[in-house]
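Enquirer: Here's my sequence, what's the structure:
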Amino acid sequence: MDFLENENLSLIAQSARDFAKQYIQPNIMEWDEAQTFPVEVFKELGKMGFMGIVVPEEYGGSGLSYDEYVSIVDEISQVDPSIGLSVAAHNSLCTNHILEFGNEEQKQRWLPKLATAEWIGAWGLTEHNTGSDAGGMSTTAVKDGDEWVINGAKNFITHAISGDVAVVMTRTGEKGAKNNATAFVIEKGTPGFTSGKKENKLGMRASETAELIFDNVRVSDANRLGNVGDGFKQALKILDGGRISIAALSLGIAKGAYKAALKYAQERHQFGTAIANFQAINFKLAEMITEIEASELLIRKASYLKNHKKPMTTEGAMAKYYASETCVKISNEAVQIFGGYGYTKDFPVEKFYRDSKLCTIGEGTTEIQKLVIGRNILKD
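Expert: This is a model prediction of the structure:
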């Protein structure tokens, strides 16, 4: 692993930073208060190549690595984690699932539209009564000639309303049976395919979350990704990469909260000196930056393994677990450093605080990450 940031990575990070300052910064609280999903911003992100980061150029993507991907999500999330979350979900879930498991015809059909943000992507695994128990999902796909009939619902789905296409995991076998899930690509406008109400969330409010509903939805067998029964295996591999995404999102939140707290602590004076000079505050800042550095090292290691197509399930889980818990802690400490002002919407740390909690839940809770790590260390 090379710990020195190369010129290309620096330029891409700067591009993401400049984009966030121009297109995102002025609208953060307006989008948050109104729970607006700013589709037009994602179209601009598509023009930058940030909606198909790891998609090869032959399919309209940027052809970059997970190193650049982490930096882009990190930089955007330092400004608005809601936008960082949607960038991550579009890239690492829907788009990456088609890239990883689609055949050539399917890649040519969907990736160019997703990579340029002509289409926004969604990914459906979670259901009301299953959560982490994906093997017991209720959404079913039943073969009928050359078509599949899909019934059920998915919840907590990013871009469920505004998305143009979704990769959806369905049950094609008995509940609890092995190899009982199959993935399909379903385009919006398909009869019976609708979305439910938008969730009214604590944080990440500019990233749209809602239900996907399937009422006798008929799709061609050409919309099936991979073999029948391979859906859950595919989902686990996608979640490996998705954990890097949430870790990068967490890293951005932690950095954003830390930078705001550092600036405030240097500007806020009490008893004739900046509060940054008080040991209680100075030690908080020292702990914050150390934990940020540790998070980034875990993330960069997982990215390195992902780039080199090496097993990284444990490393991805470690990065996601540590970075997500760290960003909650750092956001909390940032509010504490701001004092009463940190509890108001006039300063950015209260939003980082609200946004941070999702990172310990989405794409596998902290408890699931520990389960993954714990099982894998016993295999060694």
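
Enquirer: list the buried ones in stretch 353-366?
Expert: By 16 or more other CB atoms under 10 Å, the buried positions in stretch 353-366 come out as 353-360, 362-366. Quick note: C-beta positions are derived from backbone N, CA and C, even for glycine.

Enquirer: just stretch 142-150 next, same as before
Expert: So, applying 16+ other CB under 10 Å, buried residues of stretch 142-150: Glu147, Trp148, Val149, Ile150.

Enquirer: Let me see the mean pLDDT of the host helix or strand of Arg243.
Expert: For Arg243, the element it lies in under DSSP states H and E is helix 231-267. The pLDDT scores in helix 231-267 average 97.

Enquirer: If Asn121 is in a bridge, with which residues?
Expert: Wrong residue type there; residue 121 is Gly, not Asn. Gly121 forms beta bridges with Val165, as assigned by DSSP bridges.

Enquirer: just checking, it touches Leu93?
Expert: Yes - Gly121 is in contact with Leu93 according to CB atoms under 8 Å; the separation is 7.2 Å.

Enquirer: Number of residues surrounding the residue nearest to Leu285 when sequence neighbours are not counted?
Expert: Nearest residue to Leu285, sequence neighbours excluded (CB to CB, 6 or more residues apart in numbering): Leu262, at 5.9 Å. Residues within reach of Leu262, counting by other CB atoms under 10 Å, total 17.

Enquirer: Next: Lys237.
Expert: Every residue meeting other CB under 10 Å relative to Lys237 is counted, giving 15.

Enquirer: surely it meets Glu100?
Expert: Yes - under the criterion of CB under 8 Å, Lys237 makes contact with Glu100 at 6.7 Å.

Enquirer: Quick one: distance of stretch 138-147 to the chain centre.
Expert: 29 Å (CA atoms, centre = their mean, to the nearest Å).

Enquirer: can you check stretch 5-21 too?
Expert: Centroid separation between stretch 5-21 and its chain, computed with CA atoms, centre = their mean, is 19 Å.

Enquirer: who touches it?
Expert: Contact with stretch 5-21 is made by 44-45, 48, 50, 64, 67-68, 71-72, 74-76, 78-80, 83, as judged by CB atoms under 8 Å, 6 or more residues apart in numbering.

Enquirer: the helices in this structure, which residues?
Expert: Counting by DSSP state H, the chain has helices at residues 7-19, 28-34, 39-48, 66-79, 81-89, 96-101, 104-115, 231-267, 279-307, 313-338, 349-356, 366-379.

Enquirer: Let me know which of those helices is tucked in deepest.
Expert: Most buried of those by mean neighbour count (mean count of other CB atoms under 10 Å) is helix 81-89; its value is a mean of 29.

Enquirer: per-residue confidence for Gly131?
Expert: Looking at Gly131, the pLDDT reads 69.

Enquirer: what does Gly135 give?
Expert: Reported pLDDT for Gly135: 69.

Enquirer: for the one 4 residues further on, same thing?
Expert: For Thr139, the pLDDT comes out at 96.

Enquirer: give me every residue that touches it.
Expert: Here Thr139 is in contact with Gly124, Glu127, Ile150, Asn151, Gly152, Ala153, Lys154, Val168, Met169, Thr170, Arg171, Phe214 (criterion: CB under 8 Å, 6+ apart).

Enquirer: Give me the distance between the fifth one and Thr170.
Expert: Using CB to CB, to the nearest Å, Gly152 is found at 7 Å from Thr170.

Enquirer: Can you work out which residues contact both of these two?
Expert: Contact criterion CB under 8 Å, 6+ apart; residues shared by Gly152 and Thr170: Met137, Thr139, Thr140.

Enquirer: Kindly indicate which of those residues lies nearest Leu249.
Expert: Of all those, Met137 has the smallest distance to Leu249: 25.3 Å, by CB to CB.

Enquirer: so Ala117 touches Ile53, yeah?
Expert: No - between Ala117 and Ile53 there is no contact, the gap being 11.6 Å when judged by CB under 8 Å.

Enquirer: And these two? Which one has more around it.
Expert: Set Ala117 next to Ile53 and count neighbours by other CB under 10 Å: Ile53 wins out with 29 against 24.

Enquirer: what's the pLDDT at the more buried one?
Expert: For Ile53, the model assigns a pLDDT of 98.

Enquirer: Go ahead and confirm it touches His90.
Expert: No - Ile53 lies out of contact with His90 (CB under 8 Å); the separation is 9.8 Å.

Enquirer: Can you tell me how far Tyr264 is from Thr209?
Expert: Taking CB to CB as the measure, Tyr264 falls 31 Å from Thr209.

Enquirer: about what we covered before: inside strands: which ones of the buried residues of stretch 142-150?
Expert: Under the assignment DSSP state E, the buried residues of stretch 142-150 contribute Glu147, Trp148, Val149, Ile150 to strands.

Enquirer: how about TSV for the residues you listed, with pLDDT and distance to Arg268 added?
Expert: Shown next, in TSV, are those (pLDDT from 0 to 100; distance: CB to CB, whole Å):
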residue	pLDDT	distance to Arg268
Glu147	98	64
Trp148	98	60
Val149	98	62
Ile150	98	56
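
Enquirer: Please tabulate the residues you listed in a markdown table, including the columns distance to Asn282.
Expert: Shown next, in a markdown table, are these (distance: CB to CB, whole Å):
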| residue | distance to Asn282 |
| --- | --- |
| Glu147 | 65 |
| Trp148 | 61 |
| Val149 | 63 |
| Ile150 | 57 |
